[in-house]
Structures are given as structure tokens and as C-alpha cells.
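Chemist: build the 3D model from these lines:
(chains A, B and C)
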Amino acid sequence: MNVIEISNVSKTFTLHNQGAAVIPVMSDVSLSVAAGECVGLLGASGAGKSTLMRLLWGNYLAASGQIVIAGTDVAKAEPREILALRRDRMAYVSQFLRVVPRVPTLDVVAEPLLVTGTPEDQALDAARALLTRLRIPERLWSLSPTTFSGGEQQRVNIARGFIRQVPVMLLDEPTASLDATNRETVLSLIEEAKARGTAIVGIFHDEAARDRVCDRMIEMERFAA
Amino acid sequence: MKPLFTVRDLEKRYGSRIGCTDVSFDLWPGEVMGIVGESGSGKSTLLSCLAGHMTPDQGQVHFDGRDVLAMSEPERRFLARTEWAFVHQNPRDGLRMAVSAGGNVGERLMAVGARHYGNIRETATDWLGRVEIASDRIDDRPSAFSGGMQQRLQIARNLVTGPRLVFMDEPTGGLDVSVQARLLDLLRGLVRKMGLSAIIVTHDLAVVRLLADRLMVMKGGRVVEQGLTDQVLDDPQHPYTQLLVSSVLQV
Amino acid sequence: MTALDAYNFAYLDEETKRMIRRALLKAVAIPGYQVPFASREMPMPYGWGTGGVQVTAACLTPDDTLKVIDQGADDTTNAVSIRRFFQRTADVAVTEETEAATIIQTRHRIPETPLQEGQIMVFQVPIPEPLRFLEPRETETRRMHALADYGLMQVKLYEDIARHGEIATAYAYPVKVEGRYVMDPSPIPKFDNPKLNDSPALMLFGAGREQRIYALPPYTKVESLDFDDHPFVASKADHACDICGATESYLDEVITDDQGGRIFVCSDTAFCRSRQEDAA
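Modeler: Presented below is the predicted three-dimensional model:
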């Protein structure tokens, strides 16, 4: 069963304030991802890997085509439908941590569970378990992650992404700045998610990681506009 | 589920000048909508019309199926102090500066008929706690509070009756950057826990990114673009939105 | 030339009286509602009862018997001057006995002797707007009255309890009239508030400087605002009158020397005197 179904999607950027330059990024993208499958996106910098991830997340607006994710066509959905999708059915581990500055790490990680209505104690327990597993020292939990090192911030982001069990995950370089032990933990998390039937689209520069978790690779060159 | 707040073809003119025009949207329960635009874009006029502070020249506004513009003033006032709330940019506009913090929070309760001092005080204490004001400040006047505390008190005063729709006019506008984040986090938590719908007018794109689910961009009294907040900010389609987003200084 | 010939009856010209009577009729028709009226300059300063005097002047007929009290007493300066004013300008009978009076103009008190049908109480009001101290905008307070939006009045009482542990408002204690208008009963002690309720007499309130008239027709329901857990109490000094021994009347505390000596006496001098005479 395909959880992600992309058909004939194209994306252009129109820079109205720079002479209305139209920059085509990709065209005619068609791709399906089945439950439990992990698809890796390949391509040089600028080939549109991140753009495709953002299209899937609903962060970028597709110029044409359909992006059906767990029953919602992200290319046409209302904001609240996309938010419901993100809340209940999809997680995104980006390379950047964007959070309200002073919120403690524990709350940042628990938040995705809290918005689904999970009782606070359960959500916090789950957050503690994941932070422990990802080796974020307990003394940091009450601090805002905005002050953390790159690797720590990335693990907080990963914890935030994996705290819910969702049918679709988008992973942007999840192992990029991690040491071997933490990298291993993250790869196990990905494998566990796949085993649960999560459909994953990811960008992995780490070849060994890619070979281990990806079932299929997609060359972005194929979609060049 | 049905939209909580529906607006159709709203227009307000000041003589021949357009305040805002052709504004339509549905706000759903639990949804937070940001309205951004520069000064004079019509966002404040729109908020005033939506909140009933100003009568639009045209259009319809429905709250929970009720025609807001057809309401009598007592009905509208009752709505404004029960199911609606309005957070002003300047806490002095939203607070009674000569009345204690507890009295400020209790006023809405008393206005809808609360007549038990002990209960009113207990509720006020609870709400001061929720907005992170120490309970021993309950009898102090807002004039003795810092700007951030005043703004949090204004929020408590507004939310005490458990409204369903909150209008906010630049809620973090007058605050130091250091206290803005705290207030934003507080607002996020309250919105989530109470399942509030909210309409927030601001010119601060960082505020809407953190608080708003969706965004409406206004220019010259018209809505030029609307959509999911991060989509509008990260992939703006309209020339004006692109200009607005690219004009933000990065730190 | 007698004093009476020099002035129109009861000082005010008939047109002015007619204007005031119209305001009075409206006030009686809407109990507790503040009716604006074109207050005239009176030959006495504001604060000396110009509002009350105009209302009294508009109500007086040659057959009336007038009593004037100030702080309950018939013989204080303000009471004496107003009584003389009407003796000179209207030549009406005057009395100090509550039962004998048809019109009683008062500042700060309602007599202890129960009022009767047919009597008119005229109150001198310095500030008619009970919401003034919390909401200074007149436009807004009028709207609040119009919409019966009275949460704010309760806030004032809340503030009292928060600050003093009880409702410390001792005079001008706000009341609600017939479940509708919140009204300032003029600066009478709250001890007198219950006398407003269901009174057989007509009660008229005049504020000269602020140009407002309001009224309680006979047998109007008047409730003092309070909280369920801090009910209204018509309190007075916990003493008996040191002159007549009355325990149920409102008392003034009088300092008698510089050694801390003090006595409590009835504030209603006519009431106190009649008790002394009865006892004698």
C-alpha cells in the first residue's frame, strides 16, 4: 500500500522582486512510497532534494500535480488539513531546530505528543525515554536547546521527530553531525519505524547509513526541469 | 466540525479611502490565524471590525452560527466578555490600572454574575499562577508590575472566562525582546490547553511563525495572500509577501 | 416689602420648577435612573445642597411642612441656612419632628423615625455616579447603566475586601434598584440603606453641580450590593446613645476633651430629643 503518492508534480519559484525571474526547480515528479519503505533522495547540492522534502511537508506550494500523503493531497489541502496531517500522521526531522527560545528541552521534545492530546505525564515520560536513549545528559533537559551544540540540537530534533509513531516520516540528514554511537541509535530508530510500517523519505549523505536503511534510491536528476 | 468564525466580503471605508475590503475567511476551532502587513495595510481596521469595535460598511461576520453584526449591543458586549477576548498591545488599554491584579482578573467573572468573593479570589489566584505571576502579588496594582507582567495579567484577565475566540493586537509589541519569547511560549501553551481559536495582528513575522497556524498577508486594505504560516513565509507567492519576507533582517 | 414679595414662591421661577418637575416625573418613572436637568445657580455654594434645594423648591406647596437635617441634626449650619432660605422665600411651616414633616431635605441621613406615605425625602447628592471612581468616562458609565453592565461595581467591593478584609465602604454604599439600575444613595451611612427599601415615602435625589436627578418611588425594591460570602451588614457603632440610651439608632462619636474622653450620641437629634422627652 502506498502511503505517499506523488504524481506529476512540478515546482517553480517566481522572484517577483528580481525582475519576475522564474526559476524552474523540478518537473514531472512522480513517486510512490509504500508503508515500511524507506526511499533515499540522491543528487548534488541544488538538485532539489530539500525542495521535494518541503513539498511533501506542505512547506512549499507545488505549481502543479498531486501529493497525496496518508489520504491528504498536500498540494491542494487547506492549512488546517495540512496541520492535521502533520499533527497526526507525519513527522519531519529537519536539519534545523526552530523553537521558542526559552522552552526547556524536555517540553520541546514532548510537544508533538501534547498537541495530539496525550496526557502531560505520559508525554514527558516518552520524552525522557527518548532523550536518554539519544544520550542527552539529564542536566540539559531543563535548558532550552537553543544553546546546545550542533550535534545535541540535532538529537533533540530527532527525539522530537520520533516521539510519535506516525505513518510518514521525512528525514533530512538525520545522522549528519553525530558520533558513531548516536548514529547507531538513530539508525535503529529508523529501522524500528520501518518495522512498524512507517513510510520514510530521506536525504542521507552518509553512504553507509543510506545502504543500511534505504530500500530504494531516487536520482533527483530525473526530475530536473 | 464547523468553522467557529466566518467572515465574508468584509469592507470598511473611511470616506473614499479603503480601510479594508473584500476580506473573507473561515476560522476553525483551535485554529490560530496571523494577520501581517505594514502600518496602514488595514490589519488593525480589520481586527477592529472583527472584534466589534468598529462597524464594517459591508459584509458578514458569524460566530458559532450567530450573526455578529445583527446583534444588539448588550448581546455583543456579553459575547465580548464571555466567549471572546481581546488582548491589547498596550496592557494599559486592557487593564484597570487602579484595580488590584485580583480585581482585574475577577472583573469578567463578576460581570457575568459571580458573587462569591472566595471563589472569585481562588479563580484569580489560579489564573495568576497560569500566567506565571506569584500569588502574593494578587493585591498589587498593575502599575507596580513590569511590562511583561502587565501583559501576562491582561492575558489572564481575558482568558479567565474560558473564551473560545481571542483577538490579539500586537501582543508582544511593547515588550523587550527578552520577555517576548516567554510570553509567546505562554500563549502557545494556553492556546493548546484551552483549544482556543485566535486572530493575531502583528507586523512581527517571527511572532506569527511561532504562534499562528495560518497567515493572512494584507496590503492596501486587501488580503494579497493567505495560507499555512510556514508555507507563506518560506514560499511566498505574491510580490508583496516576497518583499515582506525578504526585508526581515536576519540575526 | 416682605421677603416673600421680593422673590417668586420658593425662589425658583415657575419655568424652572416645571423643568425640574419634568425631570422628577421621569426619575420616578424609571427608578434609580439618573435624569439630567438644567441645574440653576443658587444663592449658596455647590456642596451646600444646591441640588436638593432645587428639588425641594420644585416640590414645595404653601401647605407643606419642611424639615431640614444635616448629618441627622436639625441645628447644624447647613440645615439651618436651608430651612431659613425656604422660610424666607416660601414662607412654609417648618418642623424638627419627622412625623410632622411633609418634605424632609437631608444631607447624610435618613431619620430614625419610620417614614410614612405622603412624605417626600429630598437627598443632597454630591456625586451621583456610583461607577465614577472606577470608570471616569461619563460616556462609558452611561453606556454601562444602559446595558446593566455592572461587573465593575462589584470590582469596587472586591477591592474593599481584598484590602480591608471586609466591605469597608461605610457610606454612599451602592444599591441596585428594582433589579435594574445601580444607584448611589448619596452619602448616607450604610446603616440607612435598608430604610431605602420598600419605603412608603417618595425619595428624590438632587445633584446640583452634576445636574442629575434620580428617584425612588414609594415601595421600591432597593438592595445593597454584596457577595454571597460577604453579605451586606448595616453596621453602626456598637454602643447605646449616651444621652437617650437608644440602642437601635445610628450614633455619632463625640470627643469631649483632650484626655481621650468620648461619648456616643444619636446622630438624629430630633429622635434623641423625643426619647428624652418621653423618658422625662
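Chemist: buried ones in stretch B:34-45?
Modeler: Residues of stretch B:34-45 classed as buried by neighbour count (16 or more other C-beta atoms under 10 Å in any protein chain shown): B:34-37, B:41-45. (Each C-beta comes from the backbone N, C-alpha and C, glycine too.)
Chemist: so what's the residue nearest the centre of chain C up against?
Modeler: Centroid check for chain C by C-alpha atoms, centre = their mean gives residue C:123 as the closest residue, at 3.2 Å. Residues near residue C:123 by C-beta atoms under 8 Å, 6 or more residues apart in numbering or on different chains: C:52, C:106-107, C:185-186, C:188, C:203-206.
Chemist: which of these ranks first by neighbour count?
Modeler: Highest neighbour count within those, by other C-beta atoms under 10 Å in any protein chain shown: residue C:206, with 33 neighbours.
Chemist: if I've got this straight, it is in a strand?
Modeler: Yes - the assignment for residue C:206 is a strand, going by DSSP: H, G, I helix; E, B strand; the rest coil.
Chemist: pretty sure it is touching residue C:213, no?
Modeler: Yes - with contacts counted by C-beta atoms under 8 Å, residue C:206 reaches residue C:213, the gap being 5.5 Å.
Chemist: and for these two, which residues touch both?
Modeler: Residues touching both residue C:206 and residue C:213 (C-beta under 8 Å, 6+ apart): C:51, C:55.
Chemist: so what's the residue count around the residue found closest to residue B:38 once you drop the neighbours it is linked to in the chain?
Modeler: Leaving aside its chain neighbours, residue B:38 sits nearest to residue B:203 (6.3 Å; criterion: C-beta to C-beta, 6 or more residues apart in numbering or on different chains). Using other C-beta under 10 Å, residue B:203 has 16 other residues around it.
Chemist: just the element for residue B:203, please.
Modeler: Here residue B:203, judged by DSSP states H and E, is contained in no helix and no strand.
Chemist: and the pLDDT at it?
Modeler: The model reports residue B:203 with a pLDDT of 87.
Chemist: please apply the same query to residue C:4.
Modeler: The per-residue pLDDT reported for residue C:4 equals 53.
Chemist: and if you look at residue B:248?
Modeler: 77.
Chemist: contact partners for it?
Modeler: Neighbours of residue B:248 in contact, by C-beta under 8 Å, 6+ apart: B:205-206.
Chemist: for the stretch 1-150 of chain C, give me the ranges with low pLDDT.
Modeler: C:1-6 (pLDDT under 70).
Chemist: my error: substitute chain B in the last question.
Modeler: Flagging of chain B using pLDDT under 70 yields the residue ranges B:249-251.
Chemist: next, work out how far apart the closest residue to chain C within it and residue C:241 are.
Modeler: Ranked by C-beta to the nearest C-beta, the top residue of chain B for proximity to chain C is residue B:111, at 2.7 Å. Distance check for residue B:111 against residue C:241: by C-beta to C-beta, to the nearest Å, it reads 43 Å.
Chemist: residue 220 - how many residues pack around it?
Modeler: Reading this off chain A. 21.
Chemist: sorry, should have said chain C
Modeler: With neighbours defined by other C-beta under 10 Å, the count for residue C:220 comes to 18.
Chemist: what about the helices in the stretch 101-250 of chain C?
Modeler: In the stretch 101-250 of chain C, the helices defined using DSSP state H, counting those that start in this stretch lie at C:138-146, C:151-164, C:193-196.
Chemist: quick one, which of the ones you listed gets closest to chain B.
Modeler: Short answer: helix C:151-164, nearest of those by C-beta to the nearest C-beta, at 2.7 Å.
Chemist: just the C-alpha atoms of the closest one, please, in CSV.
Modeler: C-alpha atoms of helix C:151-164 as CSV (Å, rounded to 0.1, in the frame of the first residue of the first chain):
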residue,chain,number,x,y,z
GLY,C,151,-19.4,43.9,37.0
LEU,C,152,-17.3,46.9,37.7
MET,C,153,-19.4,47.9,40.7
GLN,C,154,-18.7,44.5,42.2
VAL,C,155,-15.0,45.0,41.5
LYS,C,156,-15.1,48.0,43.8
LEU,C,157,-16.5,45.8,46.6
TYR,C,158,-14.0,43.1,45.8
GLU,C,159,-11.2,45.6,46.2
ASP,C,160,-12.6,46.6,49.6
ILE,C,161,-12.5,43.1,50.8
ALA,C,162,-9.1,42.4,49.3
ARG,C,163,-7.6,45.5,51.0
HIS,C,164,-9.5,45.6,54.3
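Chemist: how does chain C divide up, domain by domain?
Modeler: Split into domains by automatic domain parsing, chain C comes to C:3-224, C:236-280.
Chemist: need those in a markdown table with distance to residue B:245, can you?
Modeler: Formatted as a markdown table, the domains of chain C follow (distance: least, C-beta to C-beta, whole Å):
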| stretch | distance to residue B:245 |
| --- | --- |
| domain C:3-224 | 41 |
| domain C:236-280 | 71 |
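Chemist: out of those domains, which one sits most buried?
Modeler: Highest mean neighbour count of those: domain C:3-224, a mean of 19 (counted as mean count of other C-beta atoms under 10 Å in any protein chain shown).
Chemist: any figure for the gap between the closest residue in space to residue C:14 that isn't next to it in sequence and residue A:91?
Modeler: Spatial nearest neighbour of residue C:14, excluding adjacent residues (C-beta to C-beta, 6+ apart): residue C:8 at 7.0 Å. Here residue C:8 is placed at a distance of 90 Å from residue A:91 (C-beta to C-beta).
Chemist: do the same with residue C:69
Modeler: Per C-beta to C-beta, residue C:69 is found 81 Å from residue A:91.
Chemist: which of the contacts of residue C:123 lies closest to chain A?
Modeler: Distances from chain A to these, taken by C-beta to the nearest C-beta, are shortest for residue C:185, at 51.6 Å.
Chemist: contacts only, for the closest one.
Modeler: Contacts for residue C:185 were tallied using C-beta under 8 Å, 6+ apart; they are C:123, C:172-175, C:192-193, C:196, C:205, C:222.
Chemist: the closest residue to chain B within chain A: neighbouring residues, count only.
Modeler: With C-beta to the nearest C-beta as the measure, residue A:16 is the residue of chain A nearest to chain B, at 3.4 Å. Residues lying near residue A:16 (other C-beta under 10 Å) number 17.
Chemist: correct me, but it touches residue B:239?
Modeler: Yes - assessed by C-beta under 8 Å, residue A:16 is found in contact with residue B:239 at 3.4 Å.
Chemist: ok, which stretches of chain A are strands?
Modeler: A:2-15, A:21-34, A:38-42, A:64-69, A:72-73, A:90-93, A:168-172, A:199-203, A:216-219 (DSSP state E).
Chemist: now render the ones you listed as a markdown table, adding mean pLDDT and mean neighbour count.
Modeler: Below are those laid out as a markdown table (pLDDT from 0 to 100; neighbours: other C-beta atoms under 10 Å in any protein chain shown):
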| stretch | mean pLDDT | mean neighbour count |
| --- | --- | --- |
| strand A:2-15 | 94 | 18 |
| strand A:21-34 | 93 | 16 |
| strand A:38-42 | 96 | 21 |
| strand A:64-69 | 96 | 19 |
| strand A:72-73 | 96 | 18 |
| strand A:90-93 | 96 | 23 |
| strand A:168-172 | 96 | 24 |
| strand A:199-203 | 97 | 24 |
| strand A:216-219 | 94 | 14 |
